[in-house]
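Chemist: next input, structure requested:
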Amino acid sequence: MLTKSQILEQFQLFLVGNAGIGKWLSPETDDDVFARLATIDEEPLSKVQFDQLLLLAHEAAVSDGFFEYYFLSAPEHPYEVRSLAGFQAGWIENGRREIQSLEHLKWGLRRLYTDALLFFGDIRAGYRALRSMTGPQLQAFFRAKMFDTDAIKLRGPALRLAPIGKDDRYLISEQACKSYGSTPESASELKEVLTTAWEDHQSRGGSRIKIRALLDGSYVKSKYADRQPRSLFSADDILEEQVASAAELEAKYAAVAAAFQKARLAALKNTKLYLSMVNDLDVYVATSMRTRQHFREMAKACEQIFGDQRLKDLHLRYFDPTMSAAEGHEDKGLIECLMVKCARALVFCAGDRDSYGKDAEAAMALSLGKPVVFYCDQAQRGAFYRDIHPLSRLIEFATGIAVGAMVTDSLQEVSELLVRLFENRMEYELCQPHPGYLRLVEKLTKSVVRLQTSDELLADTFWNHYHNQPQPQPEPANSSALLEHKVAAAH
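Modeler: The predicted structure is shown next:
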């Protein structure tokens, strides 16, 4: 028979906080609780006796629905409850009505703690909210947290986007738009730079020359210092071409300018299509692209991620940043903020340099409590984003729940995470890196997605004040409304 100290050792993971369910099994708990748990293998624990053990430790009892939901069933849930450590199918079969073992008890507590961290941000608060719910209430509560996978599948495919070749997608960038002008009638700064550079080259007796040499020469670097990097980017398709006359240069420019206009018109049409599906958008892809190669790589990444047959079967709507353009950078900002707000999840593709734009999008999604996946193509950068980068864990503004991103260096894992997410099959494990400090870790990437601090002052101060900030009240329209407003406030 197990001793009190042995049982405490087994349940160390669940000892958190200075009060509440997290202190149910602690050194101060009544010895009768441990005496009963020591015999659980021979005498399974009924709901009535479970309540008594809670009350002996000064903790509130649970409803019949709570006991059945957490210990006697493995229902459809926002994540795969059977994947939690220790699960045995025999616990929920053959109409069993008792907790069969200490492992069985730990499995139910893991479920409770996982739910509390995911949806309340605090073990004690989660237990208080859930313990008195009926079975139907618990089912309804968690159903509202789940994706309706069948409904997502039944939507069918969205309208097809206008095609843009991967090699031409760099032309939809704001840099290219500034270089070529937003319409065929607009003044082209790239054409001006090329023309004056050729004239300078010819005035100095120059002959046949590569376009790259024109744009990378001292004349352009001096006269058009602010435009020179943008011009090199926008003319990438013709940089290795040689010209021997103004007419040849004009022909080379005209060809790439026509490709720009074709790509831009397609990208503007695609933005309209994205806006038409914004109320049904599943995934927003955030990234920063500064070179033509970045556009190619991002296009391939989206193709690989969402080319997974399981995601195709779900008909996921996703925003591909290499396929969309806006009339101006201000409209682009509004569009992207709207899409982040409406999307169900966000995929953050880290580049070789960080940018404010994509960082802000990831921060916005995390602060809205949305699932966020960070893709980094180097293991070292993955560790940086998972363990060090400040964006890896933020606070959901509406609830105060600490939320973390899932970080991977594998496109296949990005696809897998999206499949698990939209099929409600995520897998988690509870960890306690030091006494009283809880982390909820996503199993596939080993990323911390939720946490509860062991700093009692921090925890108490945080929860006592986070939801206690005064909110601005709208001004009542008339004196009668003012009276009603004051009466309502008094109550």
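Chemist: residues contacting the residue lying closest to residue 20 once chain neighbours are set aside?
Modeler: Once flanking residues are discounted, residue 20 sits nearest to residue 124: 3.5 Å by Cβ to Cβ, 6 or more residues apart in numbering. Quick note: C-beta positions are derived from backbone N, CA and C, even for glycine. Contact analysis of residue 124 by Cβ atoms under 8 Å, 6 or more residues apart in numbering lists 17, 19-22, 116.
Chemist: likewise for residue 423?
Modeler: So residue 423 contacts 147, 149, 314 (Cβ under 8 Å, 6+ apart).
Chemist: show me which of the residues you listed are buried.
Modeler: Among the contacts of residue 423, those buried by neighbour count (16 or more other Cβ atoms under 10 Å) are 147, 314.
Chemist: for the contacts of residue 423, which one is nearest residue 160?
Modeler: residue 314 (17.2 Å; Cβ to Cβ).
Chemist: now do the contacts for that closest one.
Modeler: Contacts of residue 314 (Cβ under 8 Å, 6+ apart): 149, 152-153, 282, 419, 422-423.
Chemist: buried stuff in stretch 228-241?
Modeler: Result for stretch 228-241 [16+ other Cβ under 10 Å]: buried residues 228, 230-239, 241.
Chemist: closest to the centroid, which residue in this structure?
Modeler: residue 372 (1.3 Å; Cα atoms, centre = their mean).
Chemist: give me phi/psi at residue 456?
Modeler: phi -70, psi -40 (degrees, to the nearest 10).
Chemist: that one contacts residue 19, correct?
Modeler: No. The criterion here is Cβ atoms under 8 Å, and residue 456 misses it with residue 19 at 9.6 Å.
Chemist: what ranges do the strands span in the protein?
Modeler: 209-210, 242-243, 283-286, 318-319, 345-349, 372-375, 393-395, 402-404, 406-408, 428-434, 437-442, 447-452 (DSSP state E).
Chemist: any idea of the pLDDT on residue 1?
Modeler: pLDDT, residue 1: 85.
Chemist: list the contacts of it.
Modeler: 38-39.
Chemist: how much space separates it from residue 41?
Modeler: Noted for residue 1: a distance of 9 Å to residue 41, by Cβ to Cβ, to the nearest Å.
Chemist: was I right about residue 283 contacting residue 345?
Modeler: Yes. Using Cβ under 8 Å, residue 283 is in contact with residue 345, at 5.2 Å.
Chemist: hey, what's in contact with both of the two?
Modeler: In contact with both residue 283 and residue 345: residue 418, using Cβ under 8 Å, 6+ apart.
Chemist: neighbour count: these two, which is higher?
Modeler: residue 283 (26 against 20; other Cβ atoms under 10 Å).
Chemist: the more buried one and residue 308, how far apart?
Modeler: Distance from residue 283 to residue 308, by Cβ to Cβ: 12 Å.
Chemist: next, show the common contact partners of these two.
Modeler: The contact sets of residue 283 and residue 308 overlap at residue 418 (Cβ under 8 Å, 6+ apart).
Chemist: OK, contacts around the nearest residue to residue 337 once chain neighbours are set aside?
Modeler: Nearest non-adjacent residue to residue 337, counting by Cβ to Cβ, 6+ apart: residue 364, 7.1 Å away. The neighbourhood of residue 364, defined by Cβ under 8 Å, 6+ apart, consists of 337, 340-341.
Chemist: excluding chain neighbours, what is closest to residue 51?
Modeler: Using Cβ to Cβ, 6+ apart, the nearest residue to residue 51 is residue 61, at 3.8 Å.
Chemist: my bad, residue 39
Modeler: Residue 39's closest residue in space is residue 1 (Cβ to Cβ, 6+ apart), at 7.0 Å.
Chemist: quick one: the helices in the stretch 201-350 of the chain?
Modeler: If DSSP state H, counting those that start in this stretch is used as the criterion, the helices of the stretch 201-350 of the chain fall at 211-215, 218-223, 228-234, 246-276, 292-306, 309-314, 329-342.
Chemist: any chance of the ones you listed in JSON lines, with distance to residue 73 too?
Modeler: Listed next are those as JSON lines, based on distance: least, Cβ to Cβ, whole Å:
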{"stretch": "helix 211-215", "distance to residue 73": "67"}
{"stretch": "helix 218-223", "distance to residue 73": "71"}
{"stretch": "helix 228-234", "distance to residue 73": "58"}
{"stretch": "helix 246-276", "distance to residue 73": "41"}
{"stretch": "helix 292-306", "distance to residue 73": "34"}
{"stretch": "helix 309-314", "distance to residue 73": "27"}
{"stretch": "helix 329-342", "distance to residue 73": "34"}
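Chemist: among the contacts of residue 364, the buried ones, what's the ChimeraX command?
Modeler: The command below creates a ChimeraX selection of those among these that count as buried (16+ other Cβ under 10 Å):
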select :340
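Chemist: got a list of what residue 31 touches?
Modeler: Applying Cβ under 8 Å, 6+ apart to residue 31 gives the contacts residue 4.
Chemist: and the pLDDT for it?
Modeler: pLDDT, read off for residue 31, is 96.
Chemist: repeat for residue 94
Modeler: In this model, residue 94 is scored at 85, pLDDT.
Chemist: distance check, it against residue 234.
Modeler: For residue 94 relative to residue 234 (Cβ to Cβ), the value is 70 Å.
Chemist: repeat that for residue 304.
Modeler: Taking Cβ to Cβ, one finds residue 304 at 27 Å from residue 234.
Chemist: same check, this time on residue 435
Modeler: From residue 435 to residue 234 the distance is 58 Å (Cβ to Cβ).
Chemist: now residue 208
Modeler: 22 Å.
Chemist: please apply the same query to residue 254.
Modeler: Distance from residue 254 to residue 234, by Cβ to Cβ: 14 Å.
Chemist: could you do residue 202 as well?
Modeler: Distance from residue 202 to residue 234, by Cβ to Cβ: 22 Å.
Chemist: once you drop chain neighbours, what's closest to residue 147?
Modeler: Residue 147's closest residue in space is residue 422 (Cβ to Cβ, 6+ apart), at 5.0 Å.
Chemist: list the residues that contact the one you found.
Modeler: 147, 149, 152, 282, 314, 316, 344.
Chemist: one more: residue 12?
Modeler: 432, 435.
Chemist: quick check on the contacts of residue 124: which are buried?
Modeler: Buried among those (16+ other Cβ under 10 Å): 17, 20-22, 116.
Chemist: of these, closest to residue 89?
Modeler: residue 116 (24.6 Å).
Chemist: does that closest one touch residue 128 like I think?
Modeler: No. Assessed by Cβ under 8 Å, residue 116 is found out of contact with residue 128, at 9.4 Å.
Chemist: so residue 436 makes contact with residue 17?
Modeler: Yes. Residue 436 lies in contact with residue 17 (Cβ under 8 Å); the separation is 7.0 Å.
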